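K.L.:
Build me a model:
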Amino acid sequence: MEPVKRQKEILNSVIEEYINLAQPVSSKLLEKKYDFGICPATIRIEMQKLTDNGYLCQPHTSAGRTPTDKGYRFFVDNLLEKELNSFEMGDWFNDEIEDNIKFIQVLTKNLAQISGALVLSYLEKEKVFWREGWEEILKEPEFGEKDFAVNFAEFLENFENDIENFKINSGIKIYIGKENPLKRAKDFSLISSRC
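P.N.:
The predicted structure is shown next:
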């Protein structure tokens with residue numbers, strides 16, 4: 001069942017807080033930071049409905065909630081749609097860039113700056129990779145967890161081999177968690193596009 005308007009607002013807030021904190025989000029935190037126009041008990045009830053419908057999960061009984069892959073998918077498909085629709089590629093470049101290699105270098109750097117994420121770009125014909133955004137990604141709280149950092153390093157180490165077998169269609173495709181076609185990347189999200 002798709003969330004109603006109030007649940008969408010709560011889900012959006014939980015995901016934004018979880019992205020910033022990398023910790024379960026409590027109804028108490030939401031009540032302090034956001035004005036939903038409802039009492040804390042109603043926030044808890046709505047969070048429970050979102051949990052029952054698979055958008056959030058609760059790591060243990062007394063914990064707050066964390067987004068599931070389904071919750072992230074809803075967030076990406078619905079809540080970020082406005083931002084993506086208002087974005088124009090022309091905003092990234094002052095001049096036309098005719099050289100494909102230069103274009104991909106500039107695109108990779110700009111994407112990393114805007115997203116605050118690690119961006120990997122690959123030119124298939126030239127077999128060339130670019131990586132931008134290391135500084136920002138390593139500041140994320142998840143990298144304080146040894147297992148997460150090791151899994152991420154293994155994913156990156158094998159990315160160049162895995163990308164050879166990864167078929168990227170035209171357009172933009174967003175893979176979240178278990179949707180990810182790269183077997184070593186099931187704990188990560190991936191945005192792919194063919195230029």
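
K.L.:
can you list the domains in this structure?
P.N.:
Using automatic domain parsing, the domain ranges for the chain come out as 5-81, 89-194.

K.L.:
With mean neighbour count and mean pLDDT as extra columns, can I get these in CSV?
P.N.:
Just so you know, the C-beta spots here come from the backbone N, C-alpha and C atoms, and that holds for glycine as well. Below are the domains of the chain laid out as CSV (neighbours: other C-beta atoms under 10 Å; pLDDT from 0 to 100):
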stretch, mean neighbour count, mean pLDDT
domain 5-81, 17, 90
domain 89-194, 14, 77
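
K.L.:
Okay, and N158 sits in which element?
P.N.:
helix 146-164 (DSSP states H and E).

K.L.:
Next, please give the residue ranges for the strands of this structure.
P.N.:
Taking DSSP state E, the strands of the chain run over residues 56-57, 66-67, 119-123, 128-132, 171-175, 190-194.

K.L.:
In TSV, list the ones you listed along with distance to M47.
P.N.:
Written out in TSV, the entries for these read as follows (distance: least, C-beta to C-beta, whole Å):
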stretch	distance to M47
strand 56-57	6
strand 66-67	11
strand 119-123	33
strand 128-132	36
strand 171-175	25
strand 190-194	28
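
K.L.:
Of these, give the one that comes closest to F159.
P.N.:
strand 119-123 (6.2 Å; C-beta to C-beta).

K.L.:
Other residues contacting that closest one?
P.N.:
100-101, 104-105, 107-109, 111-112, 128-133, 156, 159-160, 163 (C-beta atoms under 8 Å, 6 or more residues apart in numbering).

K.L.:
and with 7 Å instead?
P.N.:
100-101, 104, 107-108, 111-112, 129-133, 159, 163 (C-beta atoms under 7 Å, 6 or more residues apart in numbering).

K.L.:
out of the residues you listed, who's nearest E17?
P.N.:
For the contacts of strand 119-123, the nearest to E17 is G133 (22.1 Å; C-beta to C-beta).
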